[in-house]
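A.B. asks: Can you look at this prediction? I've put the sequence above it.
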Amino acid sequence: MEPEAPFRGQVFTVTAITLAVKQTLEGVFRDIFVEGEISNLREAASGHVYFDLKDREALLSAVMLKWDARKFTGELQEGLQVRVWGSLSCYAKQGRYQIVVKTVEALAKGNLYLEFEKLKKKLEAEGLFSPEHKKPIPAYPQRIGVVTSPTGAAVRDILSVLKRRSPHLEILIAPVLVQGDEAAPQIAQAIADLNRFKPAPDVLLVGRGGGSIEDLWAFNEETVARAIFKSKIPVISCVGHEVDFTIADFVADLRAPTPSAAAELVVKNSQNTQDYIKQLQKRLLQSVSLFYERAKRRYDLCANSRVFVHPETITQSKEQDLDELNARLENAWKEKLNNFSHRFKLAQGQLAALGPQAVLKRGYSITRKQDGSVISRVHQTAPGETVYIQVQDGMIHTTVK
């Protein structure tokens, strides 16, 4: 027979039922110890420390208030197996029950943490993390593959950044689960499928948004690590927040702290080049404008100058100089000509005074042979030979006796 329900049929407000649960929890579960593994550890700006306690079957929210956190001398870590002491409470605004922790005692590393370290050492020993296996990320990718949940914040952040920074890019989304038992096989398969896709993407972004270590665990699976390592396409891992590290981060060719940061990294060179081109365009326009202004000032100066307004002034003074030079040349030529004429007349007179005609005028004569040679001695002639005597007014033919 079922026990009688004391509140059957009674109507409660949300506040009333929450307060009733709060009082029940706080009245019954006071000063208790709870063992579990720390997960999703975070410290608020207020100083309160929030985390989850979990085992393989369930999860319990926990909070250590700032005054207790200040007194705590140990170190809380993700994956740490602990025993906490405190009391259950109910956070009324969210209707969530939690344990308010007073002290924490570390027991050992949690199972997930140990699994993480074991796989990390194994893959590192095989060389999957070695720098020589890292492929360079293309500087100017045209096609980008994204392996993530189609409905999560990560894909929205990635698309927002890529469309804003480089809207010309082609984006291929391989939708997968990013947590749960089926997540790792789907992620590994999506990476392999994108490697076979034609034409293949230039780079792959593989990741998801933040969460607890359990939420991110698919990216710590060996199948995902080996799929990333086998990829011929460079892979950028972008899992969780900046403080989150997974096995995928160590195997990938590049690790981005967040999905949006991965998108920024992919288009960084393209954006820098676009910015540089814009700067060059701006400088070119400034240079052209400056050249135009200078050319316009020079044109205005020339167009308004006296030479262009009254071009005849260019030759006026030169023409006068030419007239003056021409006059000087004529005067100089006349002087030279008169001088040459005077000297010519003197030379002519001297030549005439020394010439044979002048000698003939003074009573002298010139005797020549028949061949025209001058006879200056008697023995140059022979009796009976005809000679020619030139006098002032003619020639005399005579015979030698």
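C.D. replies: All right, it came through fine.

A.B. asks: Residue 399 touches residue 388, doesn't it?
C.D. replies: No: the pair residue 399 and residue 388 does not pass the contact test of CB atoms under 8 Å, sitting 11.0 Å apart. C-betas here are computed from N, CA, C, even on glycine.

A.B. asks: Which one's more surrounded, these two?
C.D. replies: Applying other CB atoms under 10 Å to residue 399 and residue 388 shows that residue 388 carries more neighbours, namely 15 against 9.

A.B. asks: can you map out the strands along the chain?
C.D. replies: Applying DSSP state E to the chain gives strands spanning 32-43, 49-54, 59-64, 80-91, 96-109, 143-148, 170-175, 203-208, 235-239, 254-255, 366-368, 386-391, 394-399.

A.B. asks: To residue 296, which of those strands lies closest?
C.D. replies: The closest of the strands of the chain to residue 296 is strand 170-175. By CB to CB, the value is 47.0 Å.

A.B. asks: closest to residue 15 out of the strands of the chain?
C.D. replies: strand 80-91 (11.6 Å).

A.B. asks: ok, so what distance separates residue 20 from residue 90?
C.D. replies: 10 Å (CB to CB, to the nearest Å).

A.B. asks: okay, the two: which has more neighbours?
C.D. replies: residue 90 (19 against 13).

A.B. asks: For the protein, give the helix that spans the most residues.
C.D. replies: Of all the segments of type helix in the chain, defined by DSSP state H, the longest one is helix 312-354.

A.B. asks: helices and strands around that one, which ones?
C.D. replies: Using 3 or more CB pairs under 8 Å, 6 or more residues apart in numbering; DSSP states H and E, the elements in contact with helix 312-354 are helix 306-309.

A.B. asks: chain center to the helix it packs on: distance?
C.D. replies: Chain-centre distance of helix 306-309: 51 Å, with CA atoms, centre = their mean, to the nearest Å.

A.B. asks: Including mean pLDDT and distance to residue 74, could the strands of the chain go into a markdown table?
C.D. replies: Shown next, in a markdown table, are the strands of the chain (pLDDT from 0 to 100; distance: least, CB to CB, whole Å):
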| stretch | mean pLDDT | distance to residue 74 |
| --- | --- | --- |
| strand 32-43 | 91 | 11 |
| strand 49-54 | 93 | 12 |
| strand 59-64 | 94 | 11 |
| strand 80-91 | 90 | 9 |
| strand 96-109 | 86 | 6 |
| strand 143-148 | 96 | 36 |
| strand 170-175 | 95 | 42 |
| strand 203-208 | 96 | 31 |
| strand 235-239 | 95 | 28 |
| strand 254-255 | 94 | 29 |
| strand 366-368 | 83 | 155 |
| strand 386-391 | 82 | 156 |
| strand 394-399 | 85 | 159 |
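
A.B. asks: Ok, which of these comes nearest residue 309?
C.D. replies: Of the strands of the chain, nearest to residue 309 by CB to CB is strand 170-175, at 64.2 Å.

A.B. asks: Now tell me what touches that closest one from outside.
C.D. replies: 142-150, 155, 159, 162, 190-191, 193-194, 197, 201 (CB atoms under 8 Å, 6 or more residues apart in numbering).

A.B. asks: The same query, at a cut-off of 10 Å, please.
C.D. replies: Applying CB atoms under 10 Å, 6 or more residues apart in numbering, the contact partners of strand 170-175 are 141-152, 155, 158-159, 162-163, 186-187, 189-194, 197, 199-202, 204-206, 263.
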